[in-house]
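Peer 1: I would like to see how this sequence folds:
(chains A and B)
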Amino acid sequence: MSQHSEPLLGVARVTRRNPAPTVLAAIVTAVALWGLIPLFVGRGVIDLLVFAGIYTIAGLGVTFLLGQCGIVSLAQSAFYGIGAYSAAYCTTQLGWPAPAGLSIGIALSAALACAVGWPILRLSGYFLALATLALAIIAHVLFVEWDWLTGGTLGIGGIPPLEPFGLRIDTPTRFYYLVWPLALLLLFLHANLLRSRMGFAMRALRDAPNAAAVVGIDVHMLKVKVFILSAVLGSLAGTLFAHYVSFVSVDAFGIDRAIAFLLIAVLGGARTIAGPMLGALFVTIVPYALSSFGDIHAVLFAVALIVAVIFLPDGFGGRLSRLLRRRGA
Amino acid sequence: MTLFLQSVFAGLTNGFVYALVGLGIAVVFRGTRIINAMQGEFALIGGLMAYLVIERLGLSLPVATVGGVFAGGLLGVLTELFLVRPTRRRGGTEESYLLLTLGIAFAISAGVLYLFGRDSRLVPGIGGEASALIFDAVIRTHAIWLMIIATTVMVLLWLFYHRTHIGLSMMAASIDEDGAATIGIDVARMRTLTFLLGGLVGGLAGVLLAPLTTVHYEMGLLLTLKGFAAAILGGLTNPFGAIVGGVTLGLLESIAVLTVSSGYKDVIAMAILILIMIVLPHGMLGRGSRRGG
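Peer 2: The predicted model follows:
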């Protein structure tokens, strides 16, 4: 049963070299190469890759919900915002250390996800997706209106860089070495979770909800748990973002960000392990490549979403792993 | 008292706008079982077209109205033919239709931003800036016309679905596809017509609301959500429901603005939407009407 289920970790990065037989070696090589990238590229590219790492984490939350529970969530920008503002407020206004901001953001997001998720996760399909969109709009308006907390449109500046074990993470390269191991670790944990009892329960819930209920899976409880997990990932990404750019304002937590996170999941392939990474790279690199054409990337994102829905139901990741499997066979 | 009445009028006017959008969502849902997340974009395109006809071509308001309504209809047909139909052929699920229509909505909104910029555009209303005075509270003549037209559209739609051959065929095609095909109904064409009708209603909503709230690239999404709230509040497939739901939402919103603060208007509307979906999924008038028919 587990044989056909999910494509392997990092499958997308090993396309050109040996596929199936030496997957493990290939993964090690790919990770090593990934670690060497900052030595060969400019600061601008590293900056992009850092964002890709942060978005991978936030996008993983959305991917998880979509791929395992079939829930379309547009609320990730809200949790991303909570994480960022918690970090900003705790470190600049209260003068607390960074871990405090991080934990408060995660605790708040988890609490909110639980409080809101409990009722709305009884909804399904369209209703649930539109409820999460409504939630994102509410959060965005509150981020603007509660300016005593968020600085409103002016934002909060001067957020200090992270200092784990006394090491100041104040350059893009250093942040790269912080965010990517974390992102890869989370992708790995995600892959592990899918192979666990909970992972099977989730897949059962997605593919045959009635049967899942019959065999005694508490469908609603499971959905709430996954929603909380997703929110925690969003909050974590938001906190990282705040410490990286040192300035947060409402523009970063609008509906367009929620769309970008959803696009990561849909485009990368909601059921592929490396999907969020591919999606995040697309979402960060494309606007940069098109920046000379003005705001055209927003149109392109939306078009990419449409094209992905019609032509790539499994996303980049799904397509790649299918190609690989065909060649390997 | 005047202030209260004033906000009741504002709520009523907004309510009929939401009702028109909700009516469009209900039309599309009836004919295809798709929740159309781009209904607000029909209004955006309709309003924008009306603006362009008046400002760029220098034509009159009636021509602009017709242009706006047809722009919405055309968008509906194109959407069905080139995007919804291919998705369906590949086995569209509820979530893929939702992602698709959301994607189209974002694309149109971003496209309007790219081509026309961030400006809000004002379209002249019926009767210009004229307004009526009722118990010291002001209401625009245009707003009164908007309510009359919205109600007329609703009645016409009811007649269309219950009294005309083509309306009944459209319902049959969505309720029982195979059965409808067996008795010679062209199901695919009925689905296209459904989107045409939804687009026309959406375009009309855009033309009518443009003089009141202006046309800008971001308006679609919130309109869709509020229209959706109106539609489910009234029961998705009951055409009279959309008006009841829209007016209820509009009034709640304006009372909230009066008692809390105008900045929280959308927060309150969205909270109401979430609440309705949880507490009243079948609407105030409905009885299992989510299933349609």
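
Peer 1: Within the helices and strands, which one has B:Ile139?
Peer 2: Assessed by DSSP states H and E, B:Ile139 sits inside strand B:137-140.

Peer 1: same thing with B:Leu133?
Peer 2: strand B:131-134.

Peer 1: For that strand, which outside residues touch it?
Peer 2: B:5, B:9, B:138-141, B:144 (Cβ atoms under 8 Å, 6 or more residues apart in numbering or on different chains). From N, CA and C alone the C-beta is placed, and that goes for glycine too.

Peer 1: redo that, cut-off 7 Å
Peer 2: Contact partners of strand B:131-134, identified using Cβ atoms under 7 Å, 6 or more residues apart in numbering or on different chains, comprise B:138-141, B:144.

Peer 1: For whichever residue of the stretch 151-300 of chain A sits closest to chain B, list the residues it contacts.
Peer 2: Relative to chain B, the nearest point of the stretch 151-300 of chain A is A:Ala298 (3.6 Å; Cβ to the nearest Cβ). A:Ala298 sits next to A:256, B:110, B:113 when contact means Cβ under 7 Å, 6+ apart.

Peer 1: so what's the last one up against?
Peer 2: Looking back up the chat, that one is B:Leu113. A:295, A:298, B:217.

Peer 1: Now flag whichever of these is closest to A:Met198.
Peer 2: Using Cβ to Cβ, A:Ala298 comes nearest to A:Met198 of the contacts of B:Leu113, at 36.6 Å.

Peer 1: List the buried residues in stretch A:144-151.
Peer 2: For stretch A:144-151, burial by neighbour count (16 or more other Cβ atoms under 10 Å in any protein chain shown) applies to A:144-145, A:150-151.

Peer 1: near chain B, which of the residues you listed show up?
Peer 2: Restricting those to those adjacent to chain B (criterion: Cβ under 7 Å from any Cβ of the partner chain) gives A:Glu145.

Peer 1: Which one of the buried residues of stretch A:144-151 is nearest to chain B?
Peer 2: Of these, the one sitting nearest to chain B (Cβ to the nearest Cβ) turns out to be A:Glu145, at 4.8 Å.

Peer 1: Next, that closest one: phi, psi?
Peer 2: phi -70, psi -40 (degrees, to the nearest 10).

Peer 1: repeat for the one 4 residues further on
Peer 2: A:Leu149 has phi and psi values of phi -100, psi -40 when expressed as degrees, to the nearest 10.

Peer 1: Now do A:Gly10, the pLDDT please.
Peer 2: pLDDT recorded at A:Gly10 is 41.

Peer 1: do A:Ser2 as well
Peer 2: The predicted local confidence for A:Ser2 is 38.

Peer 1: any weak-confidence spans in the stretch 51-200 of chain A?
Peer 2: Under the criterion of pLDDT under 70, none of the stretch 51-200 of chain A is flagged as low confidence.

Peer 1: low-confidence ranges in the stretch 101-250 of chain B?
Peer 2: Looking at the stretch 101-250 of chain B by pLDDT under 70, you get B:237, B:239.

Peer 1: got the residues of the stretch 201-329 of chain A near chain B?
Peer 2: Close to chain B, as judged by Cβ under 7 Å from any Cβ, the stretch 201-329 of chain A has residues A:255, A:259, A:266, A:294-296, A:298-299, A:302-303, A:305-306, A:309-310.

Peer 1: Span of stretch A:242-260 from start to end?
Peer 2: 18 Å (Cα to Cα, to the nearest Å).

Peer 1: hmm, I was thinking of stretch A:239-259
Peer 2: 19 Å.

Peer 1: Report the buried residues of that stretch.
Peer 2: Going by 16+ other Cβ under 10 Å, stretch A:239-259 has these buried residues: A:239-246, A:248-250, A:252-259.

Peer 1: quick one on the thing from earlier: using PDB, write out every CA atom in the strand holding B:Ile139.
Peer 2: Presented in PDB, the C-alpha positions along strand B:137-140 are these (Å, rounded to 0.1, in the frame of the first residue of the first chain):
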ATOM      1  CA  ALA B 137     -33.000  61.300   5.100                       C
ATOM      2  CA  VAL B 138     -31.400  61.500   1.700                       C
ATOM      3  CA  ILE B 139     -31.500  58.600  -0.900                       C
ATOM      4  CA  ARG B 140     -30.100  58.900  -4.400                       C
END
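
Peer 1: in that strand, what's buried?
Peer 2: For strand B:137-140, by 16+ other Cβ under 10 Å, it's B:137, B:139-140.

Peer 1: do stretch A:116-126 as well
Peer 2: Buried-residue list, stretch A:116-126, by 16+ other Cβ under 10 Å: A:116-117, A:120-123, A:125-126.

Peer 1: quick revisit: direction included, what does the strand holding B:Leu133 pair against?
Peer 2: Strand B:131-134 sits in its sheet next to strand B:137-140 (antiparallel), going by DSSP bridges.

Peer 1: what separates the strand it pairs with from the chain centre, distance-wise?
Peer 2: Centre-to-centre, strand B:137-140 and its host chain are 24 Å apart (Cα atoms, centre = their mean, to the nearest Å).

Peer 1: Next secondary structure after it?
Peer 2: helix B:141-163.

Peer 1: what helix or strand does the residue in the stretch 151-293 of chain B that chain A sits nearest to sit in?
Peer 2: Closest contact between the stretch 151-293 of chain B and chain A, by Cβ to the nearest Cβ, is at B:Met270 (3.9 Å). Assigned by DSSP H and E, B:Met270 falls within helix B:265-279.
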